[in-house]
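Trainee: Got a predicted model here, sequence first, then my questions.
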Amino acid sequence: MTVRNRVNMRAVYFILSLLLISCSKDDASEAPGKFELQNISIGEKQDQSSFENVAPNASIVLTFTDAVDEATIQSNIILKLNDQAVAYDSKLQGKDKLSLTPTGGFKSFSSYKLVINPGVKSTSGVSLTNGKVYEIRTGMDDSDKFDRIPDEDLLTLVQKQTFKYFWNFGHAHSGMACERTTSGDVVTTGGTGFGVMAMLVAAERGFVTRQEALERVQKIVTFLDKECTSYHGAYAHWINGATGETKPFGDKDDGADLVETSLLFQGLLAARAYFKDGSEAESKLCSDITRLWEAIEWTWFQKSGESVLYWHWSPNYGFEKNLPIRGWNECLITYVLAASSPTYPIDKAVYEAGWARNGGLKNGNTYYGYKLPLGADKGGPLFLSQYSFLGINPKGLKDQYADYWEQNQNHTLINYNYCKENPKGYAGYGASCWGLTASDGDNGYSAHSPTNDKGVIAPTAALSAFPYTPEESMSALHFYYYKMGDKLWRDYGFVDAFNLTANWYDNQCIAIDQGPIICMIENYRTGMLWNLFMAIPEIQQGMKKLGFESPALN
């Protein structure tokens, strides 16, 4: 081979080498690379293995290093709640960004798991390098649902809206309070007493005129007088508002209910005090109330002279229901009224042996740093410190058994601190979401309390505690109205109850829960109902007879 030929061959080899290098570069640029999840964000939170306090309306956004093959999404990206797959909507935002939103949004206060399997592919056919698992714990949408207003205006709004239950939803014929928003003609005796007190507040605050309140209360009193069945002067728990006939409340409970009658007359006697110095029509109402009040045979309910009052009497079953009224519970008003009766008064001995059980109603233990003078372990449901005290003023009220302001305030603070502690780990419980009392629940009606805690919070519990815990109750009100108002606030105020753990919200209101909200907020603001009730001459005399001391007892 000549020198020239060797040179030409070297040139050929050089050119071929360049061509091979060029082809190699082209092949490398066309070959698919790695396909990876580059970023995950949920709301404003990014790139965490565990996402906390996620808003229910948040979306999951996944960013990949390459365009995503949509056909591989649903079978390889799985959202789970309690190990059950959750349906979601997916949407590509550009080629490499994917948005996932649970159908209907996340459930509040729930734990989810997001599983991203390697089966997710790019449009180039490359599988995800490795799978990922993310923990997602939701909180709630904590944006304000309504514009902020001054607290005094908010209290007025709550009273006015809740009052509509008794005014707009009151039974058309009788004027009495419907038992609940689904009860039809069934009206409630105790709830009507609360409603009458609410009408006095409404008249004083201008929600209705004094004349309108007078006419409505007179309508109720006339119905009770002329159309209702009564039993030794007492009324049944439930009544047909169209006919006045008794609606049985339960087994052998088809007659008198002395406690419900007491709650009714707490309201009617307050109305008598409110209208006592008025017009001829007001005087007639007062006279009618006095006549019905004096007709109640309190001593009949001692069952043949026993030293205790009995809750029920039936024309069909007599005292077979056999439920003596013993403290501590919501029934103090019953013994106060029975001792105050001008016609059938009980002796103090009945109060001592029956209600007080000769001291057996005492507690004396301390919970969360608060001593509880009376009652059950940790105080029981909050209505115990509310129903009798719509009229009875506990400020400075004492007897040999308790300081009743200490009793009611500490009962409330124990309930509040229990909810803050949240030993059962229910969703939402805390300093702004508290209050266990008798109410509806996702598993039915129950007397919720620290010893019967089912995750159910009732707005009435904290709101009717305003006199005892104003700061804690205001914090709860802000939470219920501003944060949860889209789910809790309705035509007649707040719905009866909710359970954030179960994502359950009631759709009903109940008279005996709506009434105390209006009345106890008013007692907190002005003491109006306390002042009316405690000034009644018979009440003054009866409470002194039982051994009570109070600045309100002259």
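Mentor: Here it is on my side, so go on.
Trainee: what residues are up against the closest residue to Tyr387 other than its chain neighbours?
Mentor: Distances taken as Cβ to Cβ, 6 or more residues apart in numbering place Glu330 nearest to Tyr387, at 4.3 Å, with adjacent residues excluded. Placement of C-beta: from N, CA and C, glycine included. Going by Cβ atoms under 8 Å, 6 or more residues apart in numbering, Glu330 touches 259, 383-384, 386-388.
Trainee: ok, now with 10 Å
Mentor: 190, 259, 262-263, 380-381, 383-389, 438, 512 (Cβ atoms under 10 Å, 6 or more residues apart in numbering).
Trainee: can you give me the helices in the stretch 301-450 of the chain?
Mentor: Ranges of helices in the stretch 301-450 of the chain, per DSSP state H, counting those that start in this stretch, are 332-340, 348-350, 404-421.
Trainee: next one: the stretch 51-200 of the chain
Mentor: 151-167, 189-205.
Trainee: Now do the contacts for the residue nearest to Val186 when sequence neighbours are not counted.
Mentor: Distance criterion Cβ to Cβ, 6+ apart; nearest residue to Val186, sequence neighbours excluded, is Glu179 at 4.8 Å. Neighbouring residues of Glu179 by Cβ under 10 Å, 6+ apart: 171, 185-192, 237-239, 241, 247, 249, 510-512.
Trainee: how about a cut-off of 8 Å?
Mentor: 186-188, 191, 238, 510-511.
Trainee: The nearest residue to Val456 once chain neighbours are set aside and Gln508: what is the separation?
Mentor: Ranked by Cβ to Cβ, 6+ apart and with sequence neighbours excluded, the top spatial neighbour of Val456 is Gly441, at 4.1 Å. Using Cβ to Cβ, to the nearest Å, Gly441 is found at 12 Å from Gln508.
Trainee: Settle it for me: which of these two has more neighbours?
Mentor: Applying other Cβ atoms under 10 Å to Gly441 and Gln508 shows that Gly441 carries more neighbours, namely 21 against 15.
Trainee: pLDDT at that one, what is it?
Mentor: The score at Gly441 is 98. That number is its pLDDT.
Trainee: same question, Ser22
Mentor: At Ser22, pLDDT is 47.
Trainee: quick one on the thing from earlier: just put the helices of the stretch 51-200 of the chain in JSON lines and tack on mean neighbour count.
Mentor: Below are the helices of the stretch 51-200 of the chain laid out as JSON lines (neighbours: other Cβ atoms under 10 Å):
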{"stretch": "helix 151-167", "mean neighbour count": "19"}
{"stretch": "helix 189-205", "mean neighbour count": "27"}
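Trainee: Tell me which residue is most central in the chain.
Mentor: Ala458 (1.7 Å; Cα atoms, centre = their mean).
Trainee: so where's the stretch 201-350 of the chain uncertain?
Mentor: Across the stretch 201-350 of the chain, nothing is flagged by pLDDT under 70.
Trainee: burial measure for the nearest residue to Thr103 once chain neighbours are set aside, as a count.
Mentor: Spatial nearest neighbour of Thr103, chain neighbours left out: Ala87 (4.4 Å); criterion: Cβ to Cβ, 6+ apart. Ala87: 9 surrounding residues under other Cβ under 10 Å.
Trainee: just checking, Ala87 touches Gly105?
Mentor: No - with contact defined as Cβ atoms under 8 Å, Ala87 does not reach Gly105; the gap is 11.6 Å.
Trainee: before we move on, the earlier item: tell me the pLDDT of the residue nearest to Val186.
Mentor: pLDDT, Glu179: 98.
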